[in-house]
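Student: Kindly generate the corresponding structure for this input.
(2 chains)
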2 protein chains.
Amino acid sequence: MTHPKFDILGIGNAIVDVVAPVDEAFLSRHDMHKGAMALIDTNTADRLYAAMPPAAETSGGSAANTCAVAAMLGAKVAYLGKVADDQLGRVFRHDIGAVGVHFPSTSLHGGAPTARCLIMVTPDGQRTMNTYLGACVTLGTADIDAALVADAAVTYLEGYLFDPPEAQTAFRRAAEAAHAAGRKVALSLSDSFCVNRHRAAFRDLVDGHVDILFANESEITALYETNTFAEAAAWARRDVALAALTRSEAGSTIIQGGDTVEVAAVPTKVIDTTGAGDAYAAGFLAGLTSGKPLAECGRLGSIAAAEVISHYGARPIADLKKLIG
Amino acid sequence: MTHPKFDILGIGNAIVDVVAPVDEAFLSRHDMHKGAMALIDTNTADRLYAAMPPAAETSGGSAANTCAVAAMLGAKVAYLGKVADDQLGRVFRHDIGAVGVHFPSTSLHGGAPTARCLIMVTPDGQRTMNTYLGACVTLGTADIDAALVADAAVTYLEGYLFDPPEAQTAFRRAAEAAHAAGRKVALSLSDSFCVNRHRAAFRDLVDGHVDILFANESEITALYETNTFAEAAAWARRDVALAALTRSEAGSTIIQGGDTVEVAAVPTKVIDTTGAGDAYAAGFLAGLTSGKPLAECGRLGSIAAAEVISHYGARPIADLKKLIG
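Tutor: Okay, here's the model as predicted:
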């Protein structure tokens, strides 16, 4: 097996975030489930945007955030995802390229516009997301370059990718190509509602096709339909070789075979939790692919997550390499 | 004279800001004059954007910022400016409408795209701006609705509007319409380089056609070609009925006839000074048009400015009405 050109290849929905602070009443007025990600159609997106306060546009997308953060930490990273040939697509392409992520996916011409995620941030820093998938629904197997997958130590897939219809097949194809090349497959469960929408498929993937699993407490308990974190963690220990389970301010629990590593969160003033899990996965994978021990992988994840929740937007503003010391 | 429907009508370049943190070396590498605004063409905009770190897109434009902030403070506000019928134009239109600013200007179809300002923020919080005017160059006299001007207590013009060729005539037309209706004309000098580009025209305007003048120290000394603030302030006292001269952390000096009011700045941690002057003018005009004494107008300006420099982006995130107490 040759040395891979990339440490991480991320595949996901390529999205531009539209972020605005709102009060709790805004969420209930618009029937939003706080903390969750809901899929919305064009009309709902237009209606909701019209109701939103002034917003900031920043590149987002779960796996794309992870790729950007990992690259900022020094990892060699590639990303596959679908944007349209429009202004927001150019914003997405600029931002991911500017941190050194290789992004060979072509832009969609003459179809749906670049995906947007309307993100409402409440005063407690919690984010509630409404995603218009736009061009992302066209991502399919043709967009998965098997040679690129074979050239990445870890192919990282976001659970959100199960929502657009064509992407599930692309998702499995990427996992197969990675394993055929002797590489690892990592999966983030993304969102407990997403897990509920696709539980059977996720369970099948996790039990045998995923090497590294990322999930927060509500996602892992949703996957295993249990109320306790301990029980869910026990199932994860059985199903995957390596799991990194995040628990907000309680830090994270890393599980590998019989080993368990507890990692503390890095305390910070929470402004906007958007991208916290993505940043954690980035730090963790950047550490793992550079041969760091699990505790250090978790520490890098905690530092990256703390940076992105300390300001609006899912990607770091500070120099991460300085922060990790 | 009937009571005006609007407290403030702003006219300016309608711009979306593209904001990124850079180090000092980035500025010298790209021959930028720190703190200034430079006009750039399409090719330079593309080249510079390609060199920029990941950025955030937020609505900007000097007078538009002032309008948005004044509306957030409770003033009745309208705005005229030119965006294109594209995604960034819709972002601009959304953001200014979302704070209640009346924005009747039609979008440009089939021409240049919406204007962008590439803003580099150095670690000291100073911003250096590079403006691609795009659709703004089409703003002309046809875009000035004299009835709307007559219906605003103050027509507020940004000095930057002197850069696009057609806008100077529109600028003067708006000032004439305001005075014909017995209303006031306010002008912001915007930028010392802009003052140097158009000094004669600005001097002519200020001496007789402007009732309320906003400028910072470098702009007012550039206007009067003097090295001392005191001398520039003396000239301003002679030329305009009311001048509000800002001096960063030293606060502001308000001059009206024989009166001088000194206003303290509101201390804050400076992250990004973009929009500080715009926000000050907004607070000042919101106070003035609601009949507040000059010291209170200055205090409102200082509070609004402190809010916008405490985070990235030129428009407030916090609830300004709460901040003014």
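
Student: If you count residues, where's the longest helix of chain A?
Tutor: In terms of residue count, the longest helix belonging to chain A (DSSP state H) is helix A:294-309.

Student: next helix or strand past that one?
Tutor: The helix or strand immediately downstream of helix A:294-309 is helix A:320-324, counting by DSSP states H and E.

Student: Give me the contact list for that following helix.
Tutor: The contact list for helix A:320-324 (Cβ atoms under 8 Å, 6 or more residues apart in numbering or on different chains) reads A:69, A:72-74, A:283, A:300, A:303-304, A:307. Any C-beta I mention is one placed from the backbone N, CA and C, and that applies to glycine too.

Student: In ChimeraX, select just the buried ones from those.
Tutor: In ChimeraX, a selection of the buried entries from the contacts of helix A:320-324 looks like this (16 or more other Cβ atoms under 10 Å in any protein chain shown):
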select /A:69,72,73,283,300,303,304,307
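
Student: can you count the residues close to the spatially closest residue to residue A:107 that is not a sequence neighbour?
Tutor: With Cβ to Cβ, 6 or more residues apart in numbering or on different chains as the criterion, residue A:107 has its nearest non-adjacent residue at 4.1 Å, and that residue is residue A:85. Here the number of neighbours of residue A:85 (other Cβ atoms under 10 Å in any protein chain shown) works out to 16.

Student: likewise residue A:25?
Tutor: Using other Cβ under 10 Å, residue A:25 has 9 other residues around it.

Student: Next one, pLDDT for it please.
Tutor: Here, the pLDDT recorded for residue A:25 equals 97.

Student: same deal with residue A:61?
Tutor: 98.

Student: Could you do residue A:248 as well?
Tutor: 94.

Student: Name the surrounding residues that touch the helix or strand harbouring residue A:157.
Tutor: Assigning secondary structure by DSSP H and E places residue A:157 in strand A:152-158. With contact meaning Cβ under 8 Å, 6+ apart, strand A:152-158 is reached by A:4-13, A:61-63, A:66-67, A:78, A:149, A:171, A:174-175, A:177-178, A:183-188, A:190, A:212, A:281, A:285, A:288-289.

Student: Stretch A:65-76 too?
Tutor: A:5-8, A:10, A:59, A:77-79, A:95-96, A:99-101, A:156, A:158, A:188, A:275, A:278-279, A:281-283, A:285-286, A:289-290, A:300, A:304, A:308, A:314-316, A:320-321, A:324, B:54.

Student: Verify the contact between residue A:160 and residue A:10 for me.
Tutor: No. Here residue A:160 does not reach residue A:10: they are 11.8 Å apart, not a contact under Cβ atoms under 8 Å.

Student: Buried by neighbour count, from the contacts of strand A:152-158: which ones?
Tutor: Burial by neighbour count, 16+ other Cβ under 10 Å: within the contacts of strand A:152-158 this picks out A:4, A:6-13, A:61-63, A:66-67, A:78, A:149, A:171, A:174-175, A:177-178, A:183-188, A:190, A:212, A:281, A:285, A:288-289.

Student: now the residue nearest to residue A:62 when sequence neighbours are not counted: how far from residue A:81?
Tutor: In space, residue A:62 comes closest to residue A:158 once its chain neighbours are excluded; the distance is 4.2 Å by Cβ to Cβ, 6+ apart. Taking Cβ to Cβ, to the nearest Å as the criterion, residue A:158 is separated from residue A:81 by 9 Å.

Student: Comparing the two, which residue is more hemmed in?
Tutor: More crowded of residue A:158 and residue A:81, by other Cβ under 10 Å: residue A:158, with 31 against 26.

Student: re the thing from before, across the sheet, point out what pairs with the residue nearest to residue A:62.
Tutor: Bridge pairing for residue A:158 (DSSP bridges) gives the partners residue A:188.

Student: How far off centre is the one helix or strand residue A:185 maps to?
Tutor: Per DSSP H and E, residue A:185 falls inside strand A:184-188. Between the centre of strand A:184-188 and the centre of its chain there are 11 Å (Cα atoms, centre = their mean, to the nearest Å).

Student: CA-only coordinates of it in CSV, if you can.
Tutor: Taking Å, rounded to 0.1, in the frame of the first residue of the first chain, the C-alpha atoms of strand A:184-188 are listed here in CSV:
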residue,chain,number,x,y,z
LYS,A,184,-10.3,3.8,6.5
VAL,A,185,-13.9,5.1,6.5
ALA,A,186,-15.1,7.6,9.0
LEU,A,187,-18.7,8.6,9.5
SER,A,188,-20.3,11.5,11.4
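
Student: Mean confidence (pLDDT) on it, please.
Tutor: 98.

Student: what ranges do the strands span in chain A?
Tutor: Here chain A has its strands, by DSSP state E, at A:6-11, A:15-21, A:37-39, A:56-59, A:77-80, A:115-121, A:127-132, A:152-158, A:184-188, A:212-216, A:242-246, A:252-256, A:259-263.

Student: OK, contacts around the residue in the stretch 101-250 of chain A that chain B sits nearest to?
Tutor: At 7.2 Å from chain B, residue A:113 is the closest residue in the stretch 101-250 of chain A, using Cβ to the nearest Cβ. Residues in contact with residue A:113 (Cβ under 8 Å, 6+ apart) are A:84, A:86, A:88-89, A:134-135, B:87.

Student: how about those, which pair is most distant?
Tutor: Greatest spacing in the contacts of residue A:113, by Cβ to Cβ: A:135 and B:87 (12.7 Å).

Student: With neighbour numbers in mind, choose between the two.
Tutor: With neighbours defined as other Cβ under 10 Å, residue A:135 and residue B:87 compare such that residue A:135 has more, 27 against 24.

Student: So for the more buried one, what's the pLDDT?
Tutor: 97.

Student: State the distance from it to residue B:106.
Tutor: 28 Å.

Student: re the thing from before, closest to residue A:123 out of the contacts of residue A:113?
Tutor: Nearest to residue A:123 out of the contacts of residue A:113 is residue A:88 (Cβ to Cβ; 27.6 Å).

Student: count of neighbours near the closest residue to that closest one other than its chain neighbours?
Tutor: Once flanking residues are discounted, residue A:88 sits nearest to residue A:114: 4.1 Å by Cβ to Cβ, 6+ apart. Counted with other Cβ under 10 Å, the neighbours of residue A:114 add up to 26.

Student: what residues are up against residue A:114?
Tutor: Here residue A:114 is in contact with A:14-16, A:83-84, A:86, A:88-89, A:92, A:134-135 (Cβ under 8 Å, 6+ apart).

Student: Repeat that for residue A:240.
Tutor: Counting by Cβ under 8 Å, 6+ apart, residue A:240 touches A:206, A:210-213.

Student: let's go with 10 Å and repeat that
Tutor: Residues near residue A:240 by Cβ atoms under 10 Å, 6 or more residues apart in numbering or on different chains: A:185-187, A:205-213, A:255-256.

Student: of all those residues, which two lie farthest apart?
Tutor: A:205 and A:256 (18.7 Å).

Student: circling back to that earlier point, report all helices and strands that the strand holding residue A:185 contacts.
Tutor: strand A:6-11, helix A:62-72, strand A:152-158, helix A:167-180, helix A:199-206, strand A:212-216, strand A:242-246, helix A:276-289 (3 or more Cβ pairs under 10 Å, 6 or more residues apart in numbering or on different chains; DSSP states H and E).

Student: what about residue A:106, neighbour count?
Tutor: Neighbour count for residue A:106, taken as other Cβ under 10 Å: 9.

Student: One more: residue A:225?
Tutor: A count of neighbours around residue A:225, defined by other Cβ under 10 Å, yields 13.

Student: Now it: closest residue in space, sequence neighbours ignored.
Tutor: residue A:199 (7.6 Å).

Student: give me the residue from the stretch 151-300 of chain A nearest chain B.
Tutor: residue A:271 (9.2 Å).

Student: can you pull the contacts of that residue?
Tutor: Applying Cβ under 10 Å, 6+ apart to residue A:271 gives the contacts A:21, A:121, A:123, A:125, A:308-313, B:311, B:317.

Student: at 8 Å what do you get?
Tutor: Listed by Cβ under 8 Å, 6+ apart, the contact set of residue A:271 reads A:121, A:125, A:309-312.
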